[in-house]
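*Asks:* just need the structure, nothing else, for what follows:
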Amino acid sequence: MTSAPHFMHAIVLDRYGRPGRVMRLAEVPRPVPGPGQVLVRVHAVSLNSWDVDIVTGAALNRLAAPFRPQHRVIGSDVAGDVVAVGDGVTRHRVGDRVFGELTASGWGGFAEYVAAPEDAVVPLPDRVDDVTAAALPQAGSMALQALGDRSAFSGRRVLVVGAGGGVGTFALQLATAAGARVAVVDRAAKLGRLRELGASETFDAAPIPRETDAFDRILDVVGALSAAEHRRLLAPDGEAIAIGGRPRRILGYALAGARSAERDGGRRVRLLAAVPNRDLPELAALVAAGSLRAIVDGPHPLETAPRQVERLRAGDVFGKVVFMP
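*Replies:* Numbers count the residues shown, from 1 in each chain. Purely as a prediction, here's the structure:
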């Protein structure tokens, strides 16, 4: 794609609806970095379920922006190089390779350039390519933070529900590398590839049998199980961490988190409150060392974003969709 000076191409979104109807490629003004900001030429950007929720106008998004999307250009997980800096920037220089998550700083990643606060991106090691880096920020951070301290995982049983997406494929690798026996839940078509990634036990989307051995840690990426189901599957002193789900299910997790674990044999259910960008240096180091890899669907041209949003919405993606503007 080529654009006139001072302009760029971006996927814009002016209303909620079907991706093919409300997302379009357009020429828009190229952002100018303000004080404390860097301008990043986007080499790769990944797709998250949060993007899907914004496009389609999921209930929680409409609470903040009832009539139209809060952000005209979405896309939060980017990798690229710094091409300009605003006043007062000290962390980065022109030419630096960087990556990061922009959910707390205006989004804007589905474009050729994005301006962001300098602390919203971190240095990208030379041994990590842009496509891999763009797949890491949100999904990798959620996986790390949901698993927590992995030093005592050897021999423990971990369950990952919705394991075929970005968070799940990272969590499976991280838990397996720590010595855990990891069971996964996802569509039957994805289970073979999850076994190749290290899953020791697989379940399709049907209910998990009651005779299944209990788990020490559960990561429910898609909010598929209720808080009561989590408790049924947990071993004493086990913990279930919910990462997503519909509003009613999320409310159930929140109420469960407020409930004392003492009455349930120490079993705890809670929602993940992820901290953006905190773990990016660790994730990049794991990738650079060959200890973790991003499972990438693509890279795709940015103009195919509406189709890829539909695919992710339908559950047809394994790993992370990545675009190259």
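
*Asks:* okay, now residue 302: neighbour count?
*Replies:* By the measure other C-beta atoms under 10 Å, the count of residues near residue 302 is 23. (Glycine included, C-beta is placed from N, CA and C.)

*Asks:* these two touch, right, it and residue 323?
*Replies:* Yes: counting by C-beta atoms under 8 Å, residue 302 touches residue 323, with 4.6 Å between them.

*Asks:* which neighbours do these two share?
*Replies:* Shared contacts of residue 302 and residue 323 (C-beta atoms under 8 Å, 6 or more residues apart in numbering): 45, 110.

*Asks:* now stretch 268-280: buried residues?
*Replies:* When neighbours are counted by 16 or more other C-beta atoms under 10 Å, the buried residues of stretch 268-280 are found to be 268, 269, 270, 271, 272, 274, 276, 277, 279, 280.

*Asks:* what is the distance between it and the centre of its chain?
*Replies:* Computed by C-alpha atoms, centre = their mean, to the nearest Å, the chain-centroid distance of stretch 268-280 equals 11 Å.

*Asks:* need the contact partners of it.
*Replies:* Contact with stretch 268-280 is made by 99-101, 103-104, 119-122, 136-138, 140-142, 144-146, 227, 230-231, 238-243, 250, 253-254, 256-257, 261, as judged by C-beta under 8 Å, 6+ apart.

*Asks:* list only buried entries from these.
*Replies:* Of the members of those, the ones counted as buried by neighbours, 16+ other C-beta under 10 Å, are 99-101, 103, 120-122, 136-138, 140-142, 144-146, 227, 230-231, 238-243, 253, 256-257, 261.

*Asks:* and residue 86, what does it touch?
*Replies:* Residue 86 makes contact with 33, 34, 35, 36, 37, 38, 115, according to C-beta under 8 Å, 6+ apart.

*Asks:* can you count the residues close to the first one?
*Replies:* Spelled out, it's residue 33. Neighbour count of residue 33, defined by other C-beta under 10 Å: 22.

*Asks:* is it true that it touches residue 82?
*Replies:* No: between residue 33 and residue 82 there is no contact under C-beta under 8 Å: 9.1 Å.
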